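Enquirer: With the input below, show me the fold.
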Amino acid sequence: MPKWRNWQTRYVQGVVSKALVRVQISPSAQTQPNRLRFLLSEKQPRGPLRRWYNSCNGLKQMKSILEKIKQIKWADRRVFLVIAIVILVFLMMDFNNRMVRSLKLEKQEQQLISRVAALEQTKQQLLADIAYANSDRAVEEWAREEAKLINEGDIPIVVRPQTGAAAAATPAPPAETEALSHLEIWKQLFWGD
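Expert: The predicted structure follows:
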């Protein structure tokens, strides 16, 4: 087994992990709060630094993605650009279809709301008619007008048509007019004969 000179060499060669690395700070150095110790450990920080840590990792990933994109040749980039544009066109078409469908559904909703309101009004009218038909006043009105019935103590009066009345005069037929020729019509218009 080889002998290692120090921990730095072992760290570079991958023998020692980040968690085992310890840094010795001289006592004369200014001490600051050890907020960045999580960079040496493999654990994620807790508390308010978690969001900053995650955004830093996201930036590292974005940088690696950008580097991969830069390695792609221009011809390949054009292909990706065309594919992206085609995908965007399809997304816009889908969005347009959804908007048209949404507008149709809103129009149908308004029509159904107005129809429901009309049906509610008809229902109220029918309920009022049923209430009136079940009342004593409606029964009495039907008995007097339709069934020709009378109450006790009423005197019935029956109107009979006159038997010897003269028939109504028929209107006299209109006088026949002579059919005029076109020449006679023009003469009447100009000279008034």
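Enquirer: tell me which helix or strand of the protein sits lowest on mean pLDDT?
Expert: Across the helices and strands of the chain, the lowest-confidence element by mean pLDDT, DSSP states H and E is helix 7-12, at a mean of 54.
Enquirer: And stretch 98-118, what's buried?
Expert: For stretch 98-118, a neighbour-count test (16 or more other C-beta atoms under 10 Å) marks nothing as buried. All C-beta atoms are positioned from the backbone trio N, CA, C, and that covers glycine.
Enquirer: Show me where the chain has its helices.
Expert: 7-12, 49-71, 74-133, 136-145, 182-191 (DSSP state H).
Enquirer: I'd like the average pLDDT over the longest one.
Expert: The reference is to helix 74-133. What helix 74-133 shows for mean pLDDT is 93.
Enquirer: give me the number of residues near Ala138?
Expert: By other C-beta atoms under 10 Å, 13 other residues sit near Ala138.
Enquirer: Chain neighbours aside, what residue packs nearest to it?
Expert: Once flanking residues are discounted, Ala138 sits nearest to Tyr132: 5.2 Å by C-beta to C-beta, 6 or more residues apart in numbering.
Enquirer: Quote the end-to-end distance of stretch 147-163.
Expert: Its first and final residues considered, stretch 147-163 spans 26 Å by C-alpha to C-alpha, to the nearest Å.
Enquirer: and the residue nearest to Ala138, how far is that from Leu119?
Expert: Here the criterion is C-beta to C-beta, to the nearest Å. By it, Tyr132 lies 20 Å from Leu119.
Enquirer: next one: Met93
Expert: Noted for Met93: a distance of 38 Å to Leu119, by C-beta to C-beta.
Enquirer: cool, and Ala84?
Expert: 51 Å.
Enquirer: Repeat that for Ile69.
Expert: Noted for Ile69: a distance of 61 Å to Leu119, by C-beta to C-beta.
Enquirer: do the same with Glu67
Expert: Using C-beta to C-beta, which is the criterion applied here, Glu67 is 67 Å from Leu119.
Enquirer: now do Ile87
Expert: Counting by C-beta to C-beta, the gap from Ile87 to Leu119 is 47 Å.
Enquirer: try His182
Expert: Taking C-beta to C-beta as the criterion, His182 is separated from Leu119 by 63 Å.
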